[in-house]
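Peer 1: take a look and give me a structure for this.
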Amino acid sequence: MQHRTSLEADLRAIEAINQQDMQLALANDSDKMMSQWADDIVLPSAGWADHAWAQSDRPKLSGNGES
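Peer 2: Below you'll find the model as predicted:
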């Protein structure tokens, strides 16, 4: 099945990147870690966390940390 093969290949690639990232982190090699990041990295826009929280089933917190 083509879809499964593609998914398995994607998962292997993700695991390889994760392993390399962990090795670089343990070596404290931030330059090489940052070199793995793509120039077209997608960063969440301002307010994304508030929106995600509002869409969740989690209780809302007041300013003093109580629900």
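Peer 1: list the contacts for R4?
Peer 2: The contact partners of R4, by C-beta atoms under 8 Å, 6 or more residues apart in numbering, come to none. All C-beta spots, glycine's among them, are computed from the backbone N, C-alpha and C.
Peer 1: so where does it fall, helix or strand?
Peer 2: helix 2-26 (DSSP states H and E).
Peer 1: which helix or strand lies directly C-terminal to that helix?
Peer 2: Assigned by DSSP H and E, the successor of helix 2-26 is helix 30-35.
Peer 1: avg pLDDT for that following helix?
Peer 2: For helix 30-35, mean pLDDT is 86.
Peer 1: contacting residues around that helix?
Peer 2: Against helix 30-35 from outside (C-beta under 8 Å, 6+ apart): D21, L24, A25.
Peer 1: could you flag which of these are buried?
Peer 2: When those are checked for burial by 16 or more other C-beta atoms under 10 Å, the buried set is L24.
Peer 1: okay if I get the contacts of helix 30-35 as JSON lines plus distance to I14 and pLDDT?
Peer 2: Listed next are the contacts of helix 30-35 as JSON lines, based on distance: C-beta to C-beta, whole Å; pLDDT from 0 to 100:
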{"residue": "D21", "distance to I14": "10", "pLDDT": "88"}
{"residue": "L24", "distance to I14": "16", "pLDDT": "91"}
{"residue": "A25", "distance to I14": "16", "pLDDT": "91"}
